[in-house]
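Engineer: Build me a model from this:
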Amino acid sequence: MKIHLSRAMNFCLMLFLTIFVLAETASAGFLYAVNDNAAGNMIYGFSVNESTGELTALAGFPIATGFNGGGSTNLEMLAIDKLNKRLYVINRGSDNISAYSIDEATGMLSLLPFSPITSVAQQRTIKVHPSGSPLIVGADTFASFNITAKAATPAAGSPYAMPANVSPTASIMTHDGGYYYAGGNSGNFFAGYSIDQATGVMTPISGSPFDSGNATPNPTAIDASGRLYVINSRQALVRVYTLAAGVPTPVTNSPFSGTMTGFSAQGKVHPNGQFFALSNRTRNHFFVHLISGTGASTELTVMKGSPVETGGTSSLMNEFNDDGTLFFSGNGTSRNVSSFKVDPATGAFSDRIVQAVNTMGDAGSLTGMGYVNFAAAAQSVTVAGRVIMKNGIGVSRALVSFTNELGETRSVTTNSFGHYKFEDLLTGEHYTIDVRQRRDIVLTQPLNLEGELLDLDLTIPLN
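Structural biologist: Below you'll find the model as predicted:
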């Protein structure tokens, strides 16, 4: 009996461990990074322990794109389409883009039928629309591609010429995919464009390009409230703008300066919207800022404990995981990643784990990084805002509808000031938003819902 009991206990223990490991695997996110190397680009993939931040190399990696990098320290050479499970990598030295599908169970990459995509020269930044199309690549000329399951087709008029006083090294897209901003390689100006999601056509926003007031303005982040964060990298200044119909207006006390020296690189807003992490490309650390106030009264304050040392060299880029409990710093010239635990309540970073130097090659530079978790549990969140005309006036009694991919629709009517509100929408869902006036649809736009949105304004054409 003792032998049989021991075997039974061992079986139960093995079963428990198997279930536990499978559960851990199912909930793990994936982190990808590209080593930009003139001798040939390499993609590295890791599974993420969502409790500790520890990274484990995925089977089958690294993957050679088969094309060349530019041997540069640009930092936005990788983009992930979370909705359609695709990954894109810029091959700057070959003037093209490698496109892959992501296996949501294993994280493995497979070339898409239209890979590689012939693109513009000297590419420096890549972004994908929340719906998965268009794909936008920034350089001194930039391109917009309409993406389907089988093709990547240039939008009408693409490639487009950037304004003469704008040279992008960074870009960002609004959460609803309606607007795109780029700049930062030289000069004081950054450009802004509206995006037609259906056609991929891009149109300059009124007043674009915009004078930031200082050199090398990198549009680096947009938060759930629709505020745009622009870094003047050589002065280590952060400018914050509110957006109305895509037009940026600086908040009252912008720009904000901290104690950073050297050149700042990439900034990310924490998923809860309360903290802004800013990496330093010529130092081995990042700063954390507290975000307070709303609208024109927005303030940024450097938090106690900053700067946070990464333990790597040349901290170029960064990522939060979906719930903001982990933070990853991509260290360009030491070619490794530093992971931190994050307290979303306080903004404290702790329990640093640093990969060995040259984990991702002994030459080249990490120039792009992305995180995705396909198995993350959906959360119930609120989406609210106003329906407004381009002159900012609220539209009363407009019917706002959110339709998910199953065709399920929820609708509300705006109040006399144009306000609407939806509760209990699920993150991870792709919604189509329709706005109707007098039964006619006056606005349709996609929304890939990743978190709570309390200031999602929907701008309709003037009558």
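Engineer: how about low-confidence regions in the chain?
Structural biologist: 1-27, 258-262, 376-378, 462-463 (pLDDT under 70).
Engineer: Show me it divided up by domain.
Structural biologist: Annotated domains of the chain cover 21-372, 380-460 [automatic domain parsing].
Engineer: right, so these: which one is the most enclosed?
Structural biologist: Comparing these on average neighbours per residue, with mean count of other CB atoms under 10 Å, the densest one is domain 21-372 at a mean of 20. Using the backbone N, CA and C atoms, a C-beta is placed for each residue, glycine as well.
Engineer: That one: how far from the chain's middle?
Structural biologist: Distance, stretch centre to chain centre, for domain 21-372: 6 Å (CA atoms, centre = their mean, to the nearest Å).
Engineer: which ones are touching residue 422?
Structural biologist: Applying CB atoms under 8 Å, 6 or more residues apart in numbering to residue 422 gives the contacts 382, 383, 384, 402, 410, 412.
Engineer: Tell me the secondary structure at the second one.
Structural biologist: Using DSSP: H, G, I helix; E, B strand; the rest coil, the three-state assignment for residue 383 comes out as strand.
Engineer: what about it, distance to residue 412?
Structural biologist: Residue 383 sits 10 Å away from residue 412 when distances are taken as CB to CB, to the nearest Å.
Engineer: Can you work out which residues contact both of those two?
Structural biologist: Counting by CB under 8 Å, 6+ apart, the residues touching both residue 383 and residue 412 are 421, 422.
Engineer: so how far is the first residue of stretch 83-93 from its last?
Structural biologist: End-to-end distance of stretch 83-93 (CA to CA, to the nearest Å): 29 Å.
Engineer: And stretch 332-339, by the same measure?
Structural biologist: Between the start and the finish of stretch 332-339 there is a gap of 14 Å, counting by CA to CA.
Engineer: Can you name the residues bridging to residue 276?
Structural biologist: Counting by DSSP bridges, residue 276 is bridged to residue 269, residue 289.
Engineer: which of the contacts of residue 422 lies closest to residue 123?
Structural biologist: Among those, residue 383 lies closest to residue 123 (CB to CB), at 33.9 Å.
Engineer: Surely the closest one touches residue 450?
Structural biologist: No - at 11.2 Å, residue 383 does not count as touching residue 450 under the criterion of CB atoms under 8 Å.
Engineer: Turn the contacts of residue 422 into CSV, columns for distance to residue 264.
Structural biologist: Conversion of those to CSV gives the following (distance: CB to CB, whole Å):
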residue, distance to residue 264
382, 33
383, 32
384, 33
402, 37
410, 41
412, 41
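Engineer: any idea which of those residues is closest to residue 241?
Structural biologist: Nearest to residue 241 out of these is residue 384 (CB to CB; 21.2 Å).
Engineer: The closest one: what's it in contact with?
Structural biologist: Neighbour list for residue 384: 419, 420, 421, 422, 453, 454, 455, 456 [criterion: CB under 8 Å, 6+ apart].
Engineer: Contact partners for the last one?
Structural biologist: Spelled out, that is residue 456. Counting by CB under 8 Å, 6+ apart, residue 456 touches 175, 176, 226, 383, 384, 385, 447.
Engineer: Run a quick check on the second one versus residue 444, I expect a contact.
Structural biologist: Looking back up the chat, that one is residue 176. No - assessed by CB under 8 Å, residue 176 is found out of contact with residue 444, at 11.4 Å.
Engineer: Overlap in contacts, these two.
Structural biologist: Counting by CB under 8 Å, 6+ apart, the residues touching both residue 176 and residue 444 are residue 433.
Engineer: All the helices of this protein, in order from the start?
Structural biologist: When secondary structure is read from DSSP state H, the chain shows helices at 2-27.
Engineer: For stretch 339-356, measure first residue to last.
Structural biologist: End-to-end span of stretch 339-356 (CA to CA): 12 Å.
Engineer: And stretch 33-52, by the same measure?
Structural biologist: Terminal residues of stretch 33-52 lie 19 Å apart, using CA to CA.
Engineer: How about stretch 313-332?
Structural biologist: Distance between the boundary residues of stretch 313-332 (CA to CA) amounts to 7 Å.
Engineer: Could you do stretch 248-264 as well?
Structural biologist: Stretch 248-264: ends 21 Å apart by CA to CA.
Engineer: Other residues contacting it?
Structural biologist: Here stretch 248-264 has contacts from 181, 192, 210, 213-214, 218, 227-228, 230-243, 278-283, 287, 289, 293, 295-300, 302, 306-307, using CB under 8 Å, 6+ apart.
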